[in-house]
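Q: Next comes the sequence, and after it the predicted model I'd like to discuss.
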Amino acid sequence: MKREREPRVVFGFHAVLARLRADPASVLELYVDESRHDARIRDVAAQAEKAGVKVLRVPTKRLDGFYGGGRHQGVVARVAVKDLGHSLDEILEQVQGPPLLLLLDGVTDPHNLGACLRVANAAGVHAVVAPKDRAAGISAAVSKVASGAAEATPYLMVTNLARTIDELKEREIWVVGTDERAEQSLYQANLPEAIAWVLGAEGEGMRRLTRQKCDLLVRIPMTGEVGSLNVSVAAGVCLFESVRRRLPKP
């Protein structure tokens, strides 16, 4: 018998509206601040009512109790968690065409994770993978930053990232990491279509074993004064380079 997953909380206008538009059937209830009567509140409430979602006007303190920090902007939704796949194998078996994956090693900040999920979703990534011992989990703060991507892109936390990398290689998926010391730049490298990009946390980078497991290391060319990019920005640069190379030649 399959156990039902607990509902998740999504808050903030952008994240709530994104969920209402993309998957209104998954929104169980919408809570709005009873003290607010501005146009944004009216718009999101109207969108919910149009979708048949129950709208409850509640005190601000009740909204504050739904999450562990951040700004809810007077809007909180309880949403059902979609089943996006139980394992990486299950997800990969359903992929049509060459897989595009994102592996995060050491990204523990919820805002960085949310931003990574958002850019991964925009690039059409099939799954985002992170180690259980060095990663942020999906929370209300992550969902808010991800703007709907946390509920649409599979995020898998694995026990052993190095073993997962070995399993990807067995499937002939190249594992490509970013490293500022790499000889080849992102734009010089011969990148395969079936690819798993690996990024570490800003500053620390990937762990030594993760780096050693990569088939290829590339660096993002930096021409300004800064020495590194935020992990979500770096993920966007790398993922969309893969997307660009997959486009039909004119």
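A: Ah, there it is.
Q: okay, and the helix or strand of this structure with the least pLDDT?
A: helix 140-146 (a mean of 70; mean pLDDT, DSSP states H and E).
Q: Which elements pack onto the very next helix or strand once past that helix?
A: Downstream of helix 140-146, the next assigned helix or strand under DSSP states H and E is strand 155-158. The elements that strand 155-158 packs onto, with contact taken as 3 or more C-beta pairs under 8 Å, 6 or more residues apart in numbering; DSSP states H and E, are helix 88-93, strand 127-131. Placement of C-beta: from N, CA and C, glycine included.
Q: and Cys116, which of these is closest to it?
A: strand 127-131 (6.7 Å; C-beta to C-beta).
Q: what's the domain layout of the chain?
A: Using automatic domain parsing, the domain parsing of the chain gives 8-79, 88-246.
Q: circling back to that earlier point, how about the helices and strands packed on strand 155-158 in TSV, adding distance to Gly137?
A: Output for the helices and strands packed on strand 155-158, formatted as TSV (distance: least, C-beta to C-beta, whole Å):
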stretch	distance to Gly137
helix 88-93	17
strand 127-131	9
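Q: quick one, what contacts Pro221?
A: Ser185, Leu186, Tyr187 (C-beta atoms under 8 Å, 6 or more residues apart in numbering).
Q: from these, which single one is nearest Ile220?
A: Ile220 has its nearest neighbour among the contacts of Pro221 in Leu186, at 5.4 Å by C-beta to C-beta.
Q: of the contacts of Pro221, buried ones?
A: Leu186 (16 or more other C-beta atoms under 10 Å).
Q: Closest to Val27 out of the contacts of Pro221?
A: Nearest to Val27 among the contacts of Pro221, with distances taken as C-beta to C-beta, is Leu186, at 38.9 Å.
Q: So the residue lying closest to that closest one once chain neighbours are set aside: helix, strand or coil?
A: In space, Leu186 comes closest to Val218 once its chain neighbours are excluded; the distance is 4.8 Å by C-beta to C-beta, 6 or more residues apart in numbering. Following DSSP: H, G, I helix; E, B strand; the rest coil, the label given to Val218 is strand.
Q: Pretty sure Val218 sits against Val175.
A: No. At 11.7 Å, Val218 does not count as touching Val175 under the criterion of C-beta atoms under 8 Å.
Q: Tell me the pLDDT of the residue most central in space within the chain.
A: For the chain, Leu117 is the residue whose C-alpha lies nearest the centre (C-alpha atoms, centre = their mean; 1.4 Å). pLDDT for Leu117: 93.
Q: try Gly177
A: For Gly177, pLDDT reads 96.
Q: Identify all contacting residues around whichever strand or helix holds it.
A: In the assignment (DSSP H and E), Gly177 maps to strand 174-178. Here strand 174-178 makes contact (C-beta under 8 Å, 6+ apart) with 103, 165, 168-169, 186, 189, 191-192, 194-200, 206, 210-211, 213-220, 234, 238.
Q: Just checking: what are the partner strands of whichever helix or strand comes after it?
A: With elements assigned by DSSP H and E, the helix or strand that comes after strand 174-178 is strand 184-185. Here strand 184-185 has these sheet partners by DSSP bridges: strand 216-219 (parallel).
Q: Could you list the residues in contact with the partner strand?
A: Contacts for strand 216-219 (C-beta under 8 Å, 6+ apart): 174-186, 188-189, 191, 211, 238.
Q: mind running it again at 6 Å?
A: Contact with strand 216-219 is made by Val176, Gly177, Asp179, Glu180, Ala182, Gln184, Ser185, Leu186, Ala189, as judged by C-beta atoms under 6 Å, 6 or more residues apart in numbering.
Q: Among the contacts of Pro221, which one sits closest to Gly65?
A: Closest to Gly65, out of all of the contacts of Pro221 and judged by C-beta to C-beta, is Leu186, at 44.7 Å.
Q: got a list of what the closest one touches?
A: Leu186 neighbours (C-beta under 6 Å, 6+ apart): Val218, Ile220, Glu241.
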